[in-house]
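Would you be able to build a 3D model of this:
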Amino acid sequence: MRDAVLSGPELFPARPRGRAHVAQEGAGPATADEEITVTALTVGPAEAEAAVRKALQMGADKAVHVQDDAIAGSDAVATSLVLAKAIEKIGVPELIVGGLASTDGGMSVVPAMLAERLGLPQVTLAAVVETQGDQVRIKRDGDTATEVIGGTLPLVLSVTDQSGEARYPSFKGIMAAKKKPLEALTLADIGVDASEVGLEAAWTKVEATSARPPRTAGEIVKDEDGSGATALVDFLASKKFI
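Now for the predicted structure:
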């Protein structure tokens with residue numbers, strides 16, 4: 001049996017391209033004799049259940065939701081701990097797939113931390129994913145170069161929003177998801193002490209927030225005497241845009 005776990009805030013990423021659709025179909029191309037199980041995993045409050053239910057609607061076989069009041073305020077370090085313990089509880093699969101980043105933290109580090117905790121190799125921030133047997137190869141686009149990185153299963157894979165087309169639940173998938181199992185776990189179930197998570201245990205904290213100032217009227221630059229370009233450059237320089 002081949003298994004795959006989808007984890008993290010963006011737990012059901014866009015479908016990777018290649019011989020196998022990794023996020024949906026598990027750890028590589030299946031044969032007629034193989035059975036692949038895809039498990040959607042998330043950590044969060046009651047509202048987070050909607051995320052794994054949507055994953056079930058899009059094809060995942062089962063879902064796990066770790067919910068505990070003590071988790072509130074956890075940073076990336078604690079989140080990776082909870083995810084790792086939950087994965088160990090349900091069984092470490094051949095492939096763990098995570099998304100790019102959460103919309104609130106935006107750190108893009110949980111998949112790497114998860115790989116370290118589980119002792120698995122990692123191929124992260126994939127724009128393109130290809131698989132052949134137990135081999136996974138990705139293309140990662142950076143600011144100055146594009147890297148091609150490969151790994152052998154089992155491993156942790158994370159993808160960006162460039163990895164494939166967005167997928168949406170079908171009516172058939174929505175109806176089928178109602179019969180799929182969704183398991184709820186607490187910190188006690190996965191063997192994590194409450195003192196290891198939450199705001200008090202966080203290595204990073206938000207010290208202050210402030211409201212965005214109201215927008216002001218824009219400045220119009222007129223080029224009546226040929227000085228428009230100079231005025232525009234002066235404006236950009238004053239705002240330290242150039």
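
And the pLDDT for Ala127?
Ala127 is assigned 93 on the pLDDT scale.

can you point me to the longest helix in this structure?
helix 76-90 (DSSP state H).

Using CSV, write out the CA atom coordinates for that helix.
C-alpha atoms of helix 76-90 as CSV (Å, rounded to 0.1, in the frame of the first residue of the first chain):
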residue,chain,number,x,y,z
ALA,A,76,5.6,27.5,13.3
VAL,A,77,7.8,25.5,15.7
ALA,A,78,4.8,24.3,17.7
THR,A,79,2.7,23.7,14.7
SER,A,80,5.3,21.4,13.1
LEU,A,81,5.5,19.5,16.4
VAL,A,82,1.8,18.9,16.5
LEU,A,83,1.7,17.9,12.8
ALA,A,84,4.7,15.5,13.3
LYS,A,85,3.1,13.8,16.3
ALA,A,86,-0.2,13.5,14.5
ILE,A,87,1.5,11.9,11.5
GLU,A,88,3.4,9.5,13.8
LYS,A,89,0.0,8.6,15.4
ILE,A,90,-1.7,7.8,12.1
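
Buried residues in it, which are they?
With burial defined by 16 or more other CB atoms under 10 Å, the residues of helix 76-90 counted as buried are 76-87, 89-90. In this view, the C-beta of every residue, glycine as well, is placed from N, C-alpha and C.

for the protein, what helix or strand is lowest in average pLDDT?
Least confident helix or strand, the chain: helix 22-25 with a mean of 39, by mean pLDDT, DSSP states H and E.

quick one on the thing from earlier: which among the buried residues of helix 76-90 gets closest to Gly150?
Nearest to Gly150, judged by CB to CB, of these is Ile87 at 22.7 Å.

and Ile90, what does it touch?
5, 39, 41, 64, 183 (CB atoms under 8 Å, 6 or more residues apart in numbering).

pLDDT-wise, what's the bottom of the residues you listed?
For the contacts of Ile90, the least confident entry is Val5, with 64.

Report the central residue of the chain.
Gly99 (2.1 Å; CA atoms, centre = their mean).
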